[in-house]
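A.B. asks: attaching a predicted model along with its sequence, questions to come.
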Amino acid sequence: MPAPALSRPALLALCACVLVAQGMVAAVNLLIPQLAASSLHPSPGQLLWAVDAYVVVFAALLIPAGALGDRYGRKGALLAGLGLFAAGGALSALAGDPAVLIAGRGVCGAGAALIMPATMSVLVHLSPPEQRGRALATWTLAVGLGGLAGNVGGGLAAEYLGWRALFWAVVPLGALLVLAVARTVPRTPARPDASVDPLGAALLAAALLAVVRAVIEGPPYGWGSARVLCSFGAGAVLLAAFTGYALRAARPLLDPRIFASRKLRAGALGIGAAFFGLFSLFFVNAQYLQYAKGFSPALTGFAIVPLTVGMALLPRFGARLQERTGARLPVGGGLGLIGLGLLLVSTADAGTPYPLYAGYLLVLSAGAGLCAPPLTLTVVAELPAHQAGLGSGLNTAAREIGAALGVAVVGTVLASRFHGIPRGPAETAAFTDAMGSALRTVAGLLLLASVAVVAGYRGRKSGDGVCGRATREAS
């Protein structure tokens, strides 16, 4: 039975889900000073986990959540994710101590782990192959607009409302999205034969949890600390155990042999590299605007808008360019622009005019908007259509791991050169010098990764390999 067509109301509902989930990630970063001064009295470690519990749970559950959607139905997974997301927002808003706040953030992360793969896999399933790239470009646009809405909303909440109000807002938003999805999004066929593999899911989730936890705790505890080394060691052992098990299992959650595809490896690395660069900037951007430029939280939220312009305007151009030339040109050009944007921002100091700084942000955002659709389509197209949820989970997992690494690297270099809050011209100059060194380090690593990514795209166009043919045939 052919799949129903993707209607405009359904597309808007799916993109609204992505926008809200992505917006909450951006918004919480602007609430850090308010949370630190709140009646919860969180320690520095608890404050870190209030922000990162979402990322850790989100990254750990993405691939199993995508597989659950493939097996039991993507619409059901999306509705369950929205319910969990709203419940996590309510729990966070009601928090009377840091532990409850951290738990609420973790519940939100579990909800987002169901939302993001489900939205992308529904788009893939309902879009004909010739329109799939543009549908994913629209999904990427929603991610960019979510960052914009989160920055603006978080800044306004920090200045005029309060952190609890931001979390409470998730509850009615979640309810509205549940109604919209229920009314507009058709059910895609469930795959009872799709593997959920509880043991494999547990091993992979635990491995990702350990690795992301180690990356997040590296800067505050030190990369050579027993805590961090044990987490990395546990992640490596669990990942090896998962690989060995999956190679022997009849129906594994994720067959490691899929990484024999050169383009899939390049796509996953490219997605991770792009978000490695983006989130390294996110980490220092708000600090620079408030500490060096003296912007208020609300003004900071609006001042970050140029960072989302390219992500909003260029994804469709990137998708069309891929259709004409293949993925290599938009991917290489986009990653190169992200690296260039980071190098430009690294030159900023307290005297840099804001319009010039906004121009630097536009360069970086243009790169992200150009390369995101072809990278995303590569990962999805290299898997059969019935594994769309798994492919979208893999895509988003690569994003989150890259983002966590970006924050860790820029945070470590920054902390090694500057401590505390800049309160005078000399300290502000020291902060911007440290920020510049950190961003140049990130830019160098990103450009090295970009060379490997572009090399992985030589030959046929993405989606022309065995997995790409299987995708089209299954559609």
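C.D. replies: Nice, thanks for sending it over. Residues are numbered from 1 along each chain as shown.

A.B. asks: which parts of the strand or helix carrying residue 141 are buried?
C.D. replies: Following DSSP states H and E, the helix or strand that holds residue 141 is helix 129-160. Buried residues in helix 129-160, counted by 16 or more other Cβ atoms under 10 Å: 132-159. Placement of C-beta: from N, CA and C, glycine included.

A.B. asks: same deal with stretch 322-337?
C.D. replies: 322, 326-337.

A.B. asks: before we move on, what about stretch 168-184?
C.D. replies: Buried, per 16+ other Cβ under 10 Å, within stretch 168-184: 168, 169, 170, 171, 173, 174, 177, 178, 180, 181.

A.B. asks: swap in stretch 239-247?
C.D. replies: Those would be 239, 241, 242, 243, 245, 246, for stretch 239-247 by 16+ other Cβ under 10 Å.

A.B. asks: pLDDT (mean, whole number) over the helix or strand that residue 69 is a member of?
C.D. replies: Per DSSP H and E, residue 69 falls inside helix 44-72. Mean pLDDT, helix 44-72: 75.

A.B. asks: ok, stretch 112-124 next?
C.D. replies: 83.

A.B. asks: again with stretch 128-139
C.D. replies: 71.

A.B. asks: show me where the stretch 351-475 of the chain has helices.
C.D. replies: 354-381, 388-417, 425-456, 466-474 (DSSP state H, counting those that start in this stretch).

A.B. asks: correct me if wrong: residue 157 contacts residue 167.
C.D. replies: No: counting by Cβ atoms under 8 Å, residue 167 is not a contact partner of residue 157; they are 9.4 Å apart.

A.B. asks: what's around residue 350, how many residues?
C.D. replies: 15 (other Cβ atoms under 10 Å).

A.B. asks: repeat for the one 3 residues further on
C.D. replies: Each residue near residue 353 was counted by other Cβ under 10 Å, and the total is 10.

A.B. asks: coming back round to it: kindly calculate the angle that the following helix or strand past the helix holding residue 141 makes with helix 129-160.
C.D. replies: The C-terminal neighbour of helix 129-160 among helices and strands, as given by DSSP H and E, is helix 163-184. Taking axes from the mean of the first three to the mean of the last three Cα atoms, to 10 degrees, one finds helix 163-184 and helix 129-160 inclined to each other by 150 degrees.

A.B. asks: could you check the pLDDT of residue 341?
C.D. replies: On the pLDDT scale, residue 341 gets 93.

A.B. asks: so it sits against residue 364, correct?
C.D. replies: Yes: the pair residue 341 and residue 364 qualifies as a contact (Cβ under 8 Å) at a distance of 2.7 Å.

A.B. asks: helix, strand, or coil at residue 224?
C.D. replies: Secondary structure assignment for residue 224 (DSSP: H, G, I helix; E, B strand; the rest coil): coil.

A.B. asks: give me the phi and psi for it.
C.D. replies: phi -100, psi 0 (degrees, to the nearest 10).

A.B. asks: please report how far it lies from residue 406.
C.D. replies: To residue 406, residue 224 is 21 Å away according to Cβ to Cβ, to the nearest Å.

A.B. asks: in the stretch 101-250 of the chain, where is pLDDT below threshold?
C.D. replies: 129-130, 132-133, 144, 189-196, 219 (pLDDT under 70).

A.B. asks: return the helix or strand that the helix holding residue 69 is followed by as CSV; C-alpha atoms alone will do.
C.D. replies: Following helix 44-72 in sequence order, the next helix or strand is helix 74-93 (DSSP H and E). C-alpha atoms of helix 74-93 as CSV (Å, rounded to 0.1, in the frame of the first residue of the first chain):
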residue,chain,number,x,y,z
ARG,A,74,6.8,6.9,14.0
LYS,A,75,3.6,8.9,14.8
GLY,A,76,3.2,7.1,18.1
ALA,A,77,6.8,7.7,19.0
LEU,A,78,6.5,11.4,18.2
LEU,A,79,3.3,11.7,20.4
ALA,A,80,5.0,9.9,23.2
GLY,A,81,8.1,12.1,22.9
LEU,A,82,6.0,15.3,23.0
GLY,A,83,4.3,14.0,26.2
LEU,A,84,7.6,13.2,27.9
PHE,A,85,9.0,16.6,26.8
ALA,A,86,6.0,18.5,28.4
ALA,A,87,6.3,16.3,31.5
GLY,A,88,10.0,17.1,31.8
GLY,A,89,9.3,20.9,31.5
ALA,A,90,6.7,20.7,34.3
LEU,A,91,9.1,18.7,36.5
SER,A,92,11.8,21.3,35.9
ALA,A,93,9.5,24.2,36.6
